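A.B. asks: Quick one, what's the 3D model for this:
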Amino acid sequence: EELQQVAQAAHKPWREIASVTIPTAPSAPILTPPDENSLQLDWVHGYSAQVGRNNLRYAVSGELVYPAACAGVVYSPDTHEQRFNLDHTDDILCMAMHPDGGKVATGERGNPPKICIWDVANTKLVVTLRGVHKVGVSSLAFSPQGGKYLISVGQDPEHTVALYNWEKRQLIYAARSTRDMVLDVVFRLPNKNNSSA
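C.D. replies: All right, here's what the predicted structure looks like:
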């Protein structure tokens, strides 16, 4: 008889497990939705590597800054903690670290998209720029000396380029660039030894 029980258990092991896992006093189901204002993001699993380039940076604090969907993530490898900037309403496609290493600009897809410049230390929004790009922002770069200017490239067919004095929220220049694929944007400082450069 014992051998027969072992043989039955060997052929149908789920029966014993199922009989143990059935709750004896199940609680009543919660039918009301949670209060969305009380929800808080604890952790982001993942990284948006498929939609952008150059979008993982070190801040001056030694923390990593990167996008994941519509969240700007600041990760501390020392404390294994994350902080979030949640000012975007669509996927973040690009980012640029300010030369001081304490601010970051992130650009999103959308109609119209926006560019958020935010503080790495507290993840608070500093400036929002919008109005030039119509589909999305694919590339961003701060000017290397002082970071006073921010340049952006749009995802429209002509890859519109915009130059801002971002602290003043001032658009300085905007123009269509090319129908060719644009992979990145950088500031090129003139060569002091060559006036034609």
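
A.B. asks: do you know how far Ser139 is from Pro26?
C.D. replies: Between Ser139 and Pro26 the computed distance is 53 Å (Cβ to Cβ, to the nearest Å). (Glycine included, C-beta is placed from N, CA and C.)

A.B. asks: the more surrounded of these two?
C.D. replies: Ser139 (25 against 7; other Cβ atoms under 10 Å).

A.B. asks: List the neighbouring strands of the helix or strand containing the more buried one plus their orientation.
C.D. replies: Assigned by DSSP states H and E, Ser139 belongs to strand 137-142. In its sheet, strand 137-142 lies beside strand 149-154 (antiparallel), with partners assigned from DSSP bridges.

A.B. asks: starting at the chain centroid, how far to the strand it pairs with?
C.D. replies: Counting by Cα atoms, centre = their mean, to the nearest Å, strand 149-154 is centred 17 Å from the centre of its parent chain.

A.B. asks: Show residues contacting that strand.
C.D. replies: Residues outside strand 149-154 that contact it (Cβ atoms under 8 Å, 6 or more residues apart in numbering): 96, 105, 107, 113, 115, 117, 129, 132-143, 159-166, 172, 177, 182, 185, 187.

A.B. asks: one more time with 6 Å
C.D. replies: Residues from elsewhere that reach strand 149-154, judged by Cβ atoms under 6 Å, 6 or more residues apart in numbering: 105, 115, 133, 137-143, 159-164, 166, 182, 185.

A.B. asks: returning to what we had before: export the strand holding Ser139 as CSV, just CAs?
C.D. replies: Extracted C-alpha coordinates of strand 137-142, given in CSV (Å, rounded to 0.1, in the frame of the first residue of the first chain):
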residue,chain,number,x,y,z
VAL,A,137,13.9,65.2,-29.2
SER,A,138,16.6,62.8,-30.3
SER,A,139,19.9,64.5,-29.1
LEU,A,140,21.0,67.1,-26.6
ALA,A,141,24.3,68.7,-25.7
PHE,A,142,25.3,71.5,-23.3
